[in-house]
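K.L.:
how does the following fold in three dimensions:
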Amino acid sequence: MDHNHFLLPQLPYELVGVPHAAWGIAYDIYTRRTEDDLPAGWHSYRANTYKQLVRSLQLAQYFRSQYSDYLRPNVDVLTTWLVMLNLMNIEPYGKMESTVKHLKMYTMDRVHLQDVSFQVRLGGEFATRVRAPTPRNLVQPVILLMDYLPHLLANLVRRPRFTRWSNAANNPQNWAMM
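P.N.:
The predicted model follows:
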């Protein structure tokens, strides 16, 4: 089994049978966790994260409504659910769940709202484990059950995608993985 891919959870029962509607997806990312140097952040440009999120949403035919808010008219609830949770697969793996502040889907009339912010954060119901090297300070201690990362990363030549070079980024002690 490839542990790098995010497995999509089932559609919540309360959303089953909701008719086609104009659905929105809204997200917010912690800037410091994205831009700070390791071990406190990914040492990455914020724009790289946003570009991937925007590209994923636009490929799914969502258009920008506000800054981090995308809409699609006449779409079914399951498609919106899958598109929203697929945002967890931006690169590098583990970045979204360690930097997400808010992630939710909603209908335009706000009758239906599904906030998955807590479930998709690292340690939450949908992100119970570290999928790939992750900055150590972004991983909750309960997730660090095994501390074998230095051995695993001893010969790491390449940092995760979009992580800039720095002494801290090249130090295996600053990454957590399970």
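
K.L.:
now for the lengthiest helix in the chain, which elements pack on it?
P.N.:
Criterion DSSP state H: the longest helix present in the chain is helix 46-59. If contacts are counted by 3 or more CB pairs under 8 Å, 6 or more residues apart in numbering; DSSP states H and E, helix 46-59 sits against strand 21-29, helix 31-35, strand 69-75, helix 77-86, helix 95-99. C-beta coordinates here come from the backbone N, C-alpha and C atoms, glycine included.

K.L.:
residue contacts, the nearest residue to Gln61 once chain neighbours are set aside?
P.N.:
Nearest residue to Gln61 in three dimensions, chain neighbours excluded: Arg72, at 5.5 Å (CB to CB, 6 or more residues apart in numbering). Applying CB atoms under 8 Å, 6 or more residues apart in numbering to Arg72 gives the contacts 22-24, 60-63, 80.

K.L.:
next one: Arg72 relative to Tyr50, how far apart?
P.N.:
Separation of Arg72 from Tyr50 (CB to CB, to the nearest Å): 19 Å.

K.L.:
what about Pro73, how many residues close to it?
P.N.:
12 (other CB atoms under 10 Å).

K.L.:
how close does the residue nearest to it when sequence neighbours are not counted sit to Gln58?
P.N.:
Nearest non-adjacent residue to Pro73, counting by CB to CB, 6+ apart: Ala22, 4.5 Å away. To Gln58, Ala22 is 16 Å away according to CB to CB.
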